[in-house]
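1. Sharing a model prediction with you, sequence too.
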Amino acid sequence: MRHRHRNYIPTLFLEASVFNFYNYGKAGKKQRDTRILFDDIKSGKYAAYTSDAVIGELAGAPKEMYDEMKRLIDTYTIKTLPDNPLVDQLADIYIAKHIIPLKYREDAVHIATATINSLNCVVSFNMGHIVKPKTMIGAGFINLREGYRWIGLATPTEIIDYDAAPPHGGV
């Protein structure tokens, strides 16, 4: 049976799609789960991070949308990680090993940012290049080979469902 240390707080890297679904998820399950995740962050259940690269992606939205998404960073006390040359090096390895296509380099940068900063998981709704088995396995093995730890890749739904699940074999 797995026991969490009482003071352990998982660290999450929030990718741009998560900010987008908070306000623009068409009131569906993804939006609901995203808002639950943000509430969990605010309550201290998770420590959340994003990056200058994500904020740059958000800046591509119309100004009103950008302002709303950017406001979430302050409202939910999400820390912004600065650019780091090690991130670019690791992202380039993901691309060279065909884990992430060059055309989607920003996705490699997000995973590398979380890895370099020793975060537990990248949270995203990007199922095309981030939250998929090939990426998790490939990035995980590259991280280990390069001296970093394995990185989790999950949707907000997977994060909140995981923590809501009862323990196996428990009462």
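-> Yep, that arrived. What you see is a predicted model, and the numbers here were worked out from it, not measured in a lab. Numbers count the residues shown, from 1 in each chain.
2. going forward, measure contacts and count neighbours with C-alpha atoms only.
-> Will do.
3. pLDDT weak spots in the chain?
-> 1-6, 163-171 (pLDDT under 70).
4. dump the residue contacts of the residue lying closest to E57 once chain neighbours are set aside.
-> Leaving aside its chain neighbours, E57 sits nearest to A16 (6.7 Å; criterion: Cα to Cα, 6 or more residues apart in numbering). By Cα atoms under 8 Å, 6 or more residues apart in numbering, the residues touching A16 are V54, I55, E57, L58, S124.
5. Check I95 too.
-> P101, L102, R105, A108.
6. T50 too?
-> By Cα under 8 Å, 6+ apart, T50 lies in contact with F13, L14, E15, I78, K79, T80, L81.
7. same question, K30
-> Neighbours of K30 in contact, by Cα under 8 Å, 6+ apart: F21, P156, T157.
8. Output those as a markdown table; include the columns distance to E68, neighbour count and secondary structure.
-> A markdown table is the format used below for these (distance: Cα to Cα, whole Å; neighbours: other Cα atoms under 10 Å; DSSP: H, G, I helix; E, B strand; the rest coil):
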| residue | distance to E68 | neighbour count | secondary structure |
| --- | --- | --- | --- |
| F21 | 11 | 22 | helix |
| P156 | 19 | 23 | helix |
| T157 | 22 | 19 | helix |
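9. want to throw these into a markdown table with distance to F141?
-> Output for these, formatted as a markdown table (distance: Cα to Cα, whole Å):
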| residue | distance to F141 |
| --- | --- |
| F21 | 30 |
| P156 | 23 |
| T157 | 25 |
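10. out of those residues, which one sits closest to A27?
-> F21 (9.0 Å; Cα to Cα).
11. Surely the closest one is in contact with Q31?
-> Yes: if you go by Cα atoms under 8 Å, F21 and Q31 touch, sitting 5.2 Å apart.
12. picking that back up, go through the contacts of A16 and say which is closest to I36.
-> Distances from I36 to these, taken by Cα to Cα, are shortest for S124, at 14.4 Å.
13. how deep is the closest one tucked in, by neighbour count?
-> Residues lying near S124 (other Cα atoms under 10 Å) number 25.
14. now it: how far from I130?
-> Plainly put, S124 is 7 Å away from I130 if you go by Cα to Cα, to the nearest Å.
15. Need the overlap of contacts for those two.
-> By Cα under 8 Å, 6+ apart, the residues touching both S124 and I130 are L153.
16. sorry, back to before: out of the contacts of T50, grab the one that's most surrounded.
-> F13 (30 neighbours).
17. Give me the three-state assignment for it.
-> strand (DSSP: H, G, I helix; E, B strand; the rest coil).
18. dump the residue contacts of it.
-> With Cα under 8 Å, 6+ apart, F13 has these contacts: A48, Y49, T50, H110, A114, L119, N120, C121, V122, V123.
19. No further queries at this time; thank you.
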